[in-house]
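>>> Sequence below, structure please.
(one chain, ligands or ions: 1)
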Amino acid sequence: MSENITPIPGKRHYLFCADEKGMKLLQPLIDGIKDGNISYEIQIVKDNFSHTLISEWLSMQKMGSFLYAAAEWNSLKHLKLMAEDAGFSEEEAHYIAYGKQQIQVFCCRCHGISVLEKSQIERNCDHCGLLLEVSHHYSKLRDAFLGYVAKL
Ligand SMILES: [Zn+2]
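Predicted coordinates for the structure are as follows:
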């Protein structure tokens, strides 16, 4: 990912939340901030990270903090939800994902959920074996796209 990340002017406090690989993506930014006498905190996200710990850490941050989060797609999705719950708006956070994005598809026949890579358009349901075509209909409740019977 060749995202150009630069510090946001006027922010007083920076938060970096990332898993091990994400930390490497944030490193140039952290190095830049270290030179500029700006306060910052780093929170490393482990594989089985504690949601409570990170939620609490995000919730206790003062106004004017800016969050940089970098993680594998799925972890990042959770981090984003936690940051939003803690009151971070789109303008107060920047998310950097790496790896292959996975989505969930909801089977129109058995209502089971299967996981696939975003680039895939067809997949057999994990539960009933039906060949599904991934639609654009997204259910926020299920966090899944509706899968229709694929036309053969
Ligand atoms: Zn099914």
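>>> secondary structure class for the residue lying closest to His94 once chain neighbours are set aside?
Leaving aside its chain neighbours, His94 sits nearest to Tyr68 (5.2 Å; criterion: CB to CB, 6 or more residues apart in numbering). All C-beta spots, glycine's among them, are computed from the backbone N, C-alpha and C. What DSSP: H, G, I helix; E, B strand; the rest coil gives for Tyr68 is strand.
>>> go on, Ile33?
Assigned state for Ile33: helix (three-state reduction, three-state DSSP).
>>> before we move on, the earlier item: who's in contact with the residue nearest to His94?
Shown in contact with Tyr68 (CB atoms under 8 Å, 6 or more residues apart in numbering): Ile5, Tyr14, Leu15, Phe16, Cys17, Ala18, Leu26, Leu29, Ala93, His94, Ile96.
>>> again, only this time at 10 Å
5, 7-8, 14-18, 22, 25-26, 29-30, 33, 40, 42, 93-96 (CB atoms under 10 Å, 6 or more residues apart in numbering).
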